[in-house]
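Peer 1: Task: produce atomic coordinates for the following.
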Amino acid sequence: MSSYAGPNAQPGRDQPVSNQQSKTTSITAVENAAELSFGPDFGEKDIQILSNAQVAVILQMSAQSALMRDEELHDVYRKTQKYAERFNTMKNPEKEHQELVDELDNLQGALTTFRKETEDGKVMELHGFEVAALMNLVATDTMVEEAVALIPSLSRFPESAVDEILDLIRSTMIRIVSYGS
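Peer 2: The predicted structure is shown next:
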């Protein structure tokens, strides 16, 4: 079954997703990260979205474990590991894996539990996608405008809240990269 995402669909961003319910019916949803609209798989509560830094640490630990067992790593594994390392902004070779995991888990926890109350009493929180995207993009000099341009769904937060979120990430990043300096 083919679906049409509309005249304003953007390749790579607005992708139709089909979920076959039965032989005669299907549901089609349009994924749009700017509107936090994702396919049915992202609606599950037990899914944890990982940042590049988290994936890099997991792959590195797994590779070390495989080498200790004299197992050869597949080419796809190595390419995935290289990609995750290339885009990992939170790294420090002097830190132990567990220290990095703890810092990243603490940051993810802080972002996941971040809440901001609006003037009308509505409580706003970050979506799991936003948490991972923020952890992936942030450098110590990331400004609010840049974060909102790269993660458009953040525009629903007041500028001061986005700056508070960026401060959480900056402080973690500084702890990670300045270890031992």
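Peer 1: hey, let's count contacts and neighbours off CA atoms from now on
Peer 2: Will do.
Peer 1: Now do the helices in this protein.
Peer 2: In the chain, the helices defined using DSSP state H lie at 52-68, 75-86, 97-112, 128-137, 144-150, 159-177.
Peer 1: Can you give the distance from the first one to the centre of its chain?
Peer 2: Translated: helix 52-68. On the basis of C-alpha atoms, centre = their mean, to the nearest Å, helix 52-68 sits 18 Å off its chain's mean C-alpha point.
Peer 1: Alpha carbons of it, as CSV, please.
Peer 2: Extracted in CSV, the C-alpha atoms of helix 52-68 (Å, rounded to 0.1, in the frame of the first residue of the first chain):
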residue,chain,number,x,y,z
ASN,A,52,25.1,8.9,20.1
ALA,A,53,27.2,9.1,23.2
GLN,A,54,25.3,6.3,24.9
VAL,A,55,25.4,4.1,21.8
ALA,A,56,29.2,4.8,21.4
VAL,A,57,29.8,3.6,25.0
ILE,A,58,27.7,0.5,24.6
LEU,A,59,29.4,-0.4,21.4
GLN,A,60,32.8,0.2,22.8
MET,A,61,32.1,-2.0,25.9
SER,A,62,30.6,-4.7,23.7
ALA,A,63,33.6,-4.6,21.3
GLN,A,64,36.0,-5.0,24.2
SER,A,65,34.0,-7.9,25.6
ALA,A,66,34.1,-9.6,22.1
LEU,A,67,37.8,-9.1,21.8
MET,A,68,38.4,-10.7,25.3
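Peer 1: quick one, it and helix 97-112 angle?
Peer 2: 150 degrees (axes from the mean of the first three to the mean of the last three C-alpha atoms, to 10 degrees).
Peer 1: same thing with the fourth one?
Peer 2: Here helix 128-137 runs at an angle of 130 degrees relative to helix 97-112 (the same axes, to 10 degrees).
Peer 1: pLDDT of helix 128-137, averaged?
Peer 2: Taken as a whole, helix 128-137 has an average pLDDT of 87.
Peer 1: Identify the residues contacting that helix?
Peer 2: With C-alpha atoms under 8 Å, 6 or more residues apart in numbering as the test, helix 128-137 has contacts from 33, 36, 48-53, 87-89, 108, 111-112, 147, 151, 153-154, 169.
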